[in-house]
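Student: quick one, structure for this:
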Amino acid sequence: MSGLIKYTGVVLGVLFAFIAKAQDMGIDTYNLNSESNKLQGKMLGEVLTLNAEVNSYFLYPDDWVPGAVKFVNGNVFENLRLRYQAYSDELISYNDNGRFLYQVEKELVESFSFQDGNKTRKFVRLTKNNNQQTNMYLEELYKGAVSLMVNWYIFEQSVSPYKDRNGITRAVEYQLHKDYYLYTEHDGLTKIRLNRAALLSRFPENQKQIRKLLRQNGIHINNEFSMVNALRLLIENNLTE
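Tutor: Predicted coordinates:
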């Protein structure tokens, strides 16, 4: 009997130690509430291990950067260390206290942002596109009646065999790419290039007025900044309806 009691005590001790460790790591399975805004790292997600390929080629930015996550229920988590897994469209966070990585549960996320050098990038989770349900993260460059969005993705290209920096022979290269979209609640996503012709083709009934407005304001669309300025100008002059 004493042996059984000793064995039971060991099992319970291990179990309690595991529970305590899980709490230290920020793993919680209860529903978050407004008070959780003060509990940094307490999020729902899947603990994971990244292999060398994912860590080297699929994550953006190149290192862990400070960021914040907002959940659909209003909970906000700040001072997190984040990276975006562009290959599978997932948000990854590093927990300093537990020294582990976890993939934040996408269904709970409304938006997240992080520092990229001297720029703050904001991503939103899009749940509806052209009346079709979807579930994807897009960077929000401009929010308005017509929003400018970016889809970050990893492009895989076959190449001649080569040895990577770890001495592994590979026959593919992974490159980070961006596609740009205009988004409205009615039309969903419409792919667009960052030039004047693409913007004019999106609003054919107002092409004459748009040309004149862009010319008067000296806007030459050739990058993200100029496209945002052009959209803002069109919306202010009711030329996107």
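
Student: okay, buried residues for stretch 234-241 please.
Tutor: Leu234, Leu239, Thr240 (16 or more other Cβ atoms under 10 Å). Every C-beta, even on glycine, is put in place using the N, C-alpha and C of the backbone.

Student: out of the residues you listed, flag the one nearest to Asp62.
Tutor: Leu234 (35.5 Å; Cβ to Cβ).

Student: quick one: pLDDT of the closest one?
Tutor: pLDDT recorded at Leu234 is 95.

Student: picking up where we left off before, helices - which of the buried residues of stretch 234-241 land there?
Tutor: Leu234 (DSSP state H).

Student: of the buried residues of stretch 234-241, closest to Gly144?
Tutor: Using Cβ to Cβ, the buried residues of stretch 234-241 come closest to Gly144 at Thr240, 8.3 Å.

Student: thinking again about what came up before, output the buried residues of stretch 234-241 as a markdown table; include the columns distance to Asn73.
Tutor: Conversion of those to a markdown table gives the following (distance: Cβ to Cβ, whole Å):
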| residue | distance to Asn73 |
| --- | --- |
| Leu234 | 35 |
| Leu239 | 37 |
| Thr240 | 32 |
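
Student: distance between whichever strand or helix holds Tyr94 and the chain's centre?
Tutor: Following DSSP states H and E, one finds Tyr94 within strand 90-95. Mean-position distance between strand 90-95 and its chain equals 10 Å (Cα atoms, centre = their mean, to the nearest Å).

Student: repeat for stretch 86-94
Tutor: 7 Å.

Student: which residues touch it?
Tutor: 43, 45, 48, 50, 54, 57-60, 64, 69, 80-85, 100-104, 106, 109, 112, 123, 136-137, 152-154, 174, 176 (Cβ atoms under 8 Å, 6 or more residues apart in numbering).

Student: one more time with 7 Å
Tutor: 58-60, 64, 80-85, 101-104, 106, 109, 112, 136-137, 152-154, 176 (Cβ atoms under 7 Å, 6 or more residues apart in numbering).

Student: report the buried members of those residues.
Tutor: 58-60, 64, 80-85, 101-104, 109, 112, 137, 152-154, 176.
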